[in-house]
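Peer 1: below is the sequence, then the predicted model.
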Amino acid sequence: NYLSFFIKKDLFPVIGKNALTIEEYNEVVKRYFAAFLKKPKDKKTLEILEKLNFAEIASEELQQKRDFFIEKANSLIAVISATNFDKYIKVFFDKEESLYKKEYHRYVFPKIYNNNEFNILVNGEIYGLANDNMSLNAKKPFLKLKTTKFQVPLRITSSKALLTKKTFDWLKSLKENVVELDYKYDFQTEVQARADAQSRHYLYLTKGKEVTIEDYDNIPIAKRQIRFQLKNYLEITGDGEEKDLPLPPENFPGKSELAARFDELFFSNYLRRNYYSEAKNIKTKPGRFSARMLDLLLINRELLRDFFLKDIDKCKNTEVYEEDFVARMDKLTLELVKEQAKLVAGFYFKNVAKALNLRLSLLEYFKGSGKDMGSRISDFYEEIGFELKKEDFYTCQNDNQFYFLGGQIAYYLVSQSEAENKKCSLIEPFLRVATPIQLKEQLKNVFNSYKHKIPLKFLTFRNAFSAVMDYEGTSNLKDKQDFFLAGFMAKNLFYNK
């Protein structure tokens with residue numbers, strides 16, 4: 001505005017590195033103040049200024065300010081030369097704050113709306129299309145509403161438009177992309193990246209030339225701290241000196257720690273960095289992050305953001321939402337375990353087994369101990385292992401035991417392979433079967449390939465294989481996948497000493 005004058009220090013006469021001559025400087029000053037005498041050509045802009053009672057700036061006032069910068073150039077050079085700073089020289093006249101505010105509004109109000117073409121007058125007050133988080137301009141006419149009497153989604157008053165502008169300017173100044181505001185936040189204290197309050201407003205921002213609110217949620221109730229334990233249902237052992245010892249249970253005090261492990265085991269650390277990434281910018285990686293995993297990420301990341309980022313824990317205060325949430329998490333984690341298993345080329349399924357342990361622990365957390373599949377699988381391991389060591393003929397008691405033991409046999413058989421270059425997934429042929437009969441046929445085929453490796457007097461394996469071949473199952477594999485996967489990846493009974 002005409003109450004101030006900015007110029008790059010590098011261009012200022014005498015002292016600048018690329019200094020203007022005094023004559024060039026005077027021309028710059030004249031052009032600057034002459035611009036305030038020109039009336040806007042846009043009728044809508046004129047209408048805004050008139051309705052908001054902005055009178056034209058007096059030419060005498062402008063001339064006085066212009067002459068000051070021309071006549072006092074030498075004095076300014078002396079003052080600036082004695083001060084050490086870079087970039088811009090900014091000179092302000094000593095005037096009332098109210099006058100500065102008025103001139104700020106003179107500049108801002110004509111530009112505060114997205115497009116003044118859509119301004120309307122209601123009861124003497126201007127309403128226009130909000131400018132922030134809105135894309136509607138001459139280059140994007142297709143964004144106009146074509147099937148209604150109105151062409152734009154909303155219009156607001158100039159005072160609300162100014163408040164909106166200030167809000168977005170403030171958001172742009174924040175360092176974090178995730179902003180969480182307590183319901184009682186007073187805008188006087190520093191914004192925390194993760195607000196302590198349970199009730200809060202959640203915003204995710206993208207920042208470029210302008211700031212955009214990509215995601216907003218009002219979270220009246222949330223559960224940030226959890227008591228979650230990752231149990232070792234499959235008796236996975238450690239590494240190195242602890243290779244014969246089962247891994248202990250792992251406790252997670254909060255959602256952020258659980259999110260890190262969930263991302264590591266299920267998404268190979270592609271989830272958290274891509275919560276809001278555009279799909280086209282997320283790339284697959286052979287053997288690590290498949291196209292199927294990418295599909296599952298894109299389909300379910302809103303669900304996972306709700307749980308891990310917004311701390312919405314299996315509830316939006318409706319049983320319907322809770323059931324849908326748990327069902328989706330159940331389906332998602334099962335698909336991810338299978339996909340991770342398919343990516344394994346060789347016999348090292350330990351990380352996939354950890355993912356299955358996490359899935360089973362999540363099911364217990366969401367569904368309660370009464371539906372604890374993990375404990376049932378752990379019990380099977382103990383019961384079947386004990387029974388198979390007997391010389392008596394063993395019989396599968398139900399479909400769950402059948403598929404668990406089938407998984408144990410499947411892993412033991414394929415692990416007999418001595419091929420040096422194992423590029424194909426060893427588990428995928430088994431996951432393609434549908435019925436108990438097909439599973440038994442697949443086991444027979446693999447057995448015929450490796451039967452020369454199995455000792456004739458191996459009683460434990462002989463009893464197990466006979467039990468599976470003699471059992472008449474009624475459930476299809478798709479309904480018992482957890483039991484088969486657990487059997488395939490759990491500590492193998494046939495390798496126990």
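Peer 2: Cool, got the structure.
Peer 1: okay, and residue 450 sits in which element?
Peer 2: Under the criterion of DSSP states H and E, residue 450 resides in helix 436-450.
Peer 1: next one: residue 7
Peer 2: Counting by DSSP H and E, the element that carries residue 7 is strand 4-8.
Peer 1: can you list the strands that that strand pairs with?
Peer 2: When sheet partners are counted by DSSP bridges, strand 4-8 sits next to strand 88-92 (antiparallel).
Peer 1: which residues are in contact with stretch 292-304?
Peer 2: Stretch 292-304 has contacts (CB atoms under 8 Å, 6 or more residues apart in numbering) with 262, 267-268, 270-271, 274-275, 279, 282, 284, 325, 328-329, 332, 335-336, 339. Bear in mind the C-beta positions are built from the backbone N, C-alpha and C, glycine included.
Peer 1: which among the residues you listed end up buried?
Peer 2: When the contacts of stretch 292-304 are checked for burial by 16 or more other CB atoms under 10 Å, the buried set is 262, 267-268, 270-271, 274-275, 325, 329, 332, 335-336, 339.
Peer 1: quick one: which of those residues is nearest residue 386?
Peer 2: residue 336 (32.4 Å; CB to CB).
Peer 1: quick one: contacts of the helix or strand bottoming out on mean pLDDT in the chain?
Peer 2: Between all helices and strands in the chain, the lowest mean by mean pLDDT, DSSP states H and E belongs to helix 43-51, at a mean of 76. The contact list for helix 43-51, computed with CB under 8 Å, 6+ apart, reads 39-40, 106, 109-110, 116-117, 119, 121, 124-126, 158.
Peer 1: try it again with 7 Å
Peer 2: Under the contact criterion CB atoms under 7 Å, 6 or more residues apart in numbering, helix 43-51 has outside partners 40, 109, 110, 116, 117, 119, 126.
Peer 1: quick check: the nearest residue to the fourth one once chain neighbours are set aside vs residue 157, distance?
Peer 2: For residue 116, the nearest residue in space outside its immediate sequence neighbours is residue 44; the separation is 3.6 Å by CB to CB, 6 or more residues apart in numbering. When CB to CB, to the nearest Å is applied, the distance between residue 44 and residue 157 equals 15 Å.
Peer 1: tell me which of those two has more neighbours.
Peer 2: For residue 44 versus residue 157, the count of surrounding residues by other CB atoms under 10 Å is larger for residue 44: 17 against 13.
Peer 1: can you pull out the helices in the stretch 201-350 of the chain?
Peer 2: 255-267, 291-304, 319-343, 350-367 (DSSP state H, counting those that start in this stretch).
Peer 1: so which of the ones you listed comes closest to residue 95?
Peer 2: Comparing these by CB to CB, helix 255-267 comes nearest, at 50.5 Å.
Peer 1: mind listing what's buried along that closest one?
Peer 2: 255, 258, 259, 261, 262, 263, 264, 265, 266, 267.
Peer 1: in CSV: those residues, plus pLDDT and distance to residue 438.
Peer 2: Converted to CSV, the buried residues of helix 255-267 look like this (pLDDT from 0 to 100; distance: CB to CB, whole Å):
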residue, pLDDT, distance to residue 438
255, 87, 41
258, 93, 37
259, 94, 38
261, 96, 35
262, 96, 33
263, 97, 35
264, 96, 34
265, 96, 29
266, 97, 28
267, 97, 31
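Peer 1: name the nearest of these relative to residue 182.
Peer 2: Nearest to residue 182 among the buried residues of helix 255-267: residue 255, at 17.9 Å, using CB to CB.
Peer 1: quick check: that closest one touching residue 226?
Peer 2: Yes: using CB atoms under 7 Å, residue 255 is in contact with residue 226, at 6.3 Å.
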